[in-house]
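Q: sequence unknown, structure follows:
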C-alpha cells in the first residue's frame, strides 16, 4: 500500500473548493440567483424549453490557473423542457469576468485551494513504473482495476476519503478541477483526457460533473445513488 500511496501523491492534482464567502474574501463564483447579462425569460421561439435558472458562474481566471481552457465563459443553468424533464446545461454568457456582472439573489463563493488524489482506478491506469511493478506482482493489467482485492480498495479508500467532498460532513458548494471518480453506473473509468472542470455538491443529489473534452466541448454527467 505504501507504494500506491506514494504514487498517488505524485499524481495528485491542484483544485479549488468553492465555499460561501465571508467578509474580506475574494468572490470567484456565484451560486443561483440571476445574472444581469442573461435574460431569465425564455424567448418565445424556443419551443422545447419552458424555463431556465442560473445555478453557478465561476470566474474564468480560476479555470485558467488550472489549465482548463474551454470555448468561452462557463455558466451553468438548470433547464426545464416542455416534457417536464430537467437537466444542467452550459449557457453562453457575455463574460467570464464576474466583476463585470451584477448578481441578484445569489450566494457569493470564495475559492479554497485543495489537493485531489486520484481514485484507485486512475492510479492503476496512469501510475508510474512502481505501479506497473505492483500490478505485475499481483498478475493484473492496468485496466483490470475491478479485479483488485477488496482489501486493497478499502485500504486505499481510507486514505482517499478525507479529501473527497463526497464523504465530507460539510462539503463545498462545488469543486473546480481535480480528479473525477468512477461511479457505479460507469462501465469504465472515464479517461483523464476528459478533464473535470466542475463537480457540484450543493443541493445534491443529483451531483453534476462538468468535463472539458479534448475538443474543448463541455460534457455534463448527472449522478445519483
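A: All right, it came through fine. This structure is a prediction, so every number in the text was calculated from the model and none was measured.
Q: just the strands from the chain, written as ranges.
A: 13-20, 29-31, 34-35, 49-58, 75-81, 86-91, 103-104, 107-116, 174-177, 195-200, 207-212, 218-223 (DSSP state E).
Q: next up, the contacts around the residue nearest to residue 127 when sequence neighbours are not counted.
A: Counting by Cβ to Cβ, 6 or more residues apart in numbering, residue 127 lies nearest to residue 7, which is 4.4 Å off, once chain neighbours are set aside. Quick note: C-beta positions are derived from backbone N, CA and C, even for glycine. Going by Cβ atoms under 8 Å, 6 or more residues apart in numbering, residue 7 touches 123, 127-128, 130-131.
Q: in helices, which of those fall?
A: Using DSSP state H, the subset of the contacts of residue 7 located in helices is 123, 130-131.
Q: list buried residues within those residues.
A: Neighbour counting by 16 or more other Cβ atoms under 10 Å classes 123, 131 among the ones in helices among the contacts of residue 7 as buried.
Q: the residue lying farthest from the centre of the chain and residue 131: what is the separation?
A: Most distant residue from the mean C-alpha position of the chain: residue 137, 33.6 Å away (Cα atoms, centre = their mean). Noted for residue 137: a distance of 11 Å to residue 131, by Cβ to Cβ, to the nearest Å.
Q: okay, now the unreliable bits of this protein?
A: The model of the chain has no residue with pLDDT under 70.
Q: centroid residue for it?
A: residue 199 (2.5 Å).
Q: neighbours around the closest residue to that residue other than its chain neighbours, how many?
A: In space, and not counting its chain neighbours, residue 199 is closest to residue 175: 4.6 Å by Cβ to Cβ, 6+ apart. By other Cβ atoms under 10 Å, the residues close to residue 175 number 26.
Q: ok, residues contacting stretch 197-210?
A: Contacts of stretch 197-210 (Cβ under 8 Å, 6+ apart): 31, 55-56, 58, 63, 68, 70, 74, 76, 88, 90, 165-166, 171-178, 180, 196, 211-212, 218-225.
Q: could you do stretch 46-59 as well?
A: Stretch 46-59 is contacted from outside by 18, 28-35, 38, 40, 42, 74-82, 88-89, 91, 93, 96-98, 101, 103, 106, 173-174, 176, 198, 200, using Cβ under 8 Å, 6+ apart.
Q: please pick the buried ones from those residues.
A: Looks like the contacts of stretch 46-59 have 18, 28-33, 35, 38, 74-79, 88, 91, 93, 96, 98, 101, 103, 106, 173-174, 176, 198, 200 buried, using 16+ other Cβ under 10 Å.
Q: pull out the buried residues from stretch 215-225.
A: If you call a residue buried by 16+ other Cβ under 10 Å, then stretch 215-225 has these buried ones: 218, 221, 223.
Q: mind putting these into JSON lines with distance to residue 22?
A: Formatted as JSON lines, the buried residues of stretch 215-225 follow (distance: Cβ to Cβ, whole Å):
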{"residue": "218", "distance to residue 22": "30"}
{"residue": "221", "distance to residue 22": "31"}
{"residue": "223", "distance to residue 22": "29"}
